[in-house]
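**Q** curious how this folds, go ahead:
(one chain, ligands or ions: 1)
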Amino acid sequence: MRIIDFHSHLQTHWFRQPLLDEKAFLAGMDKCGVEVSCIFTMMGFYGDCPKENDLLAGYARRHPKRLVPFVTVDPKIGPPAVEELERCLADPIFRGVKFHNWLQAFAPSMARETMTALLQCAARHRAPVLFHDGTPPYATTFQIAQMARWVPEATIVLGHGGLADYVYPAGQYLREMPNLHVCYCGPRAGDLIYLVEMAGSDRVLFGSDFGFSSWKVLAERIDDVTEAKLDASTEAKVFASNAARLLHLDERPLS
Ligand SMILES: [Zn+2]
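**A** Okay, the predicted model is just below:
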């Protein structure tokens with residue numbers, strides 16, 4: 001079974017808390033049979049985005065067939081955020097964008113003008129935009145889904161499918177909004193069936209949050225998918241082919 005992890009974090013530390021280094025991260029991927037991981041920052045949510053984006057790109061350059069970096073910018077700073085996004089997406093190593101409104105401390109409505117410009121920029125580069133969702137006050141699933149309406153040409157991914165409290169609204173939005181996707185990363189084991197029912201089989205992606213915690217979470221999240229007993233074609237789409245499509249792996253194979 002081919003597995004692409006659409007939600008992971010690669011950074012050696014989160015403030016003073018040690019996380020996984022590059023070697024341990026790749027060892028975890030190998031142990032769990034993950035072919036490719038989309039990697040996000042942690043410290044980039046708090047400050048120097050260009051520095052952290054370059055750090056992520058460095059990991060991917062060392063492991064170009066395994067790691068796909070997603071850029072992070074801070075919408076609160078306005079136009080310079082759009083410039084940084086353009087800078088990174090001009091480099092083909094970046095294939096997606098990650099926002100964590102909750103840790104980055106912005107409500108989408110408060111940065112609407114910049115957010116709109118950022119989503120339009122991502123859409124021009126055909127880069128999917130994954131948001132942390134499921135956490136008040138800045139990142140409820142309602143607030144994230146709303147942005148998919150602002151820029152219908154953008155590919156928006158609910159990074160946690162509603163997490164614990166918003167799985168049902170996530171499903172309702174997925175049913176209504178064709179540019180909304182969902183990363184199954186965090187909701188309960190049985191919720192995957194509901195999300196596939198609402199979104200259809202083409203807009204649900206596997207994700208783990210690996211790197212922020214140990215390889216065990218990766219194994220557990222893989223089990224959550226296999227235990228849902230989806231039909232084989234849907235399972236293959238969730239584990240890899242939907243992600244491969246959003247990352248344009250057929251047109252531009254990782255090399
Ligand atoms: Zn995460």
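
**Q** all helices of this structure, in order?
**A** Secondary structure of the chain by DSSP state H: the helices cover 22-32, 49-62, 79-89, 101-104, 112-124, 141-150, 167-176, 191-199, 215-226, 232-236, 242-246.

**Q** take those and write them to a markdown table, including mean pLDDT and mean neighbour count.
**A** (Glycine included, C-beta is placed from N, CA and C.) Shown next, in a markdown table, are those (pLDDT from 0 to 100; neighbours: other CB atoms under 10 Å):
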| stretch | mean pLDDT | mean neighbour count |
| --- | --- | --- |
| helix 22-32 | 97 | 17 |
| helix 49-62 | 98 | 17 |
| helix 79-89 | 98 | 18 |
| helix 101-104 | 97 | 20 |
| helix 112-124 | 98 | 18 |
| helix 141-150 | 97 | 20 |
| helix 167-176 | 98 | 19 |
| helix 191-199 | 98 | 20 |
| helix 215-226 | 96 | 17 |
| helix 232-236 | 98 | 14 |
| helix 242-246 | 98 | 21 |
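
**Q** can you tell which of those is closest to T72?
**A** helix 49-62 (5.6 Å; CB to CB).

**Q** got the contact list for P169?
**A** The contact partners of P169, by CB atoms under 8 Å, 6 or more residues apart in numbering, come to 141-142, 145, 162.

**Q** for the residue nearest to A219 when sequence neighbours are not counted, what are its contacts?
**A** In this structure, A219 finds its nearest non-sequential neighbour in C32, 5.4 Å apart by CB to CB, 6 or more residues apart in numbering. Neighbour list for C32: 3, 215, 218-219, 222 [criterion: CB under 8 Å, 6+ apart].

**Q** of all the residues you listed, which two lie farthest apart?
**A** I3 and W215 (13.1 Å).

**Q** quick check, A170 in contact with V157.
**A** No. Counting by CB atoms under 8 Å, A170 stays clear of V157, with 11.1 Å between them.

**Q** joint contacts of these two?
**A** Common neighbours of A170 and V157 (criterion: CB under 8 Å, 6+ apart): V182.

**Q** which among the helices of the chain is found nearest to C185?
**A** For the helices of the chain, the distance to C185 is smallest for helix 215-226, at 6.7 Å, taking CB to CB.

**Q** can you dump the C-alpha atoms of the closest one in PDB for me?
**A** The C-alpha coordinates for helix 215-226 follow below in PDB (Å, rounded to 0.1, in the frame of the first residue of the first chain):
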ATOM      1  CA  TRP A 215       6.300   7.400  15.100                       C
ATOM      2  CA  LYS A 216       3.600   5.700  17.200                       C
ATOM      3  CA  VAL A 217       1.100   8.300  16.200                       C
ATOM      4  CA  LEU A 218       1.800   7.500  12.500                       C
ATOM      5  CA  ALA A 219       1.200   3.800  13.100                       C
ATOM      6  CA  GLU A 220      -2.000   4.600  15.000                       C
ATOM      7  CA  ARG A 221      -3.300   6.900  12.300                       C
ATOM      8  CA  ILE A 222      -2.600   4.400   9.600                       C
ATOM      9  CA  ASP A 223      -4.600   1.800  11.600                       C
ATOM     10  CA  ASP A 224      -7.500   4.300  11.900                       C
ATOM     11  CA  VAL A 225      -7.700   4.300   8.100                       C
ATOM     12  CA  THR A 226      -7.300   0.600   7.500                       C
END
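
**Q** for that helix, name the packing helices and strands.
**A** Packing partners of helix 215-226 (3 or more CB pairs under 8 Å, 6 or more residues apart in numbering; DSSP states H and E): helix 22-32, strand 180-184, strand 204-206.

**Q** that concludes my questions; thank you for your assistance.
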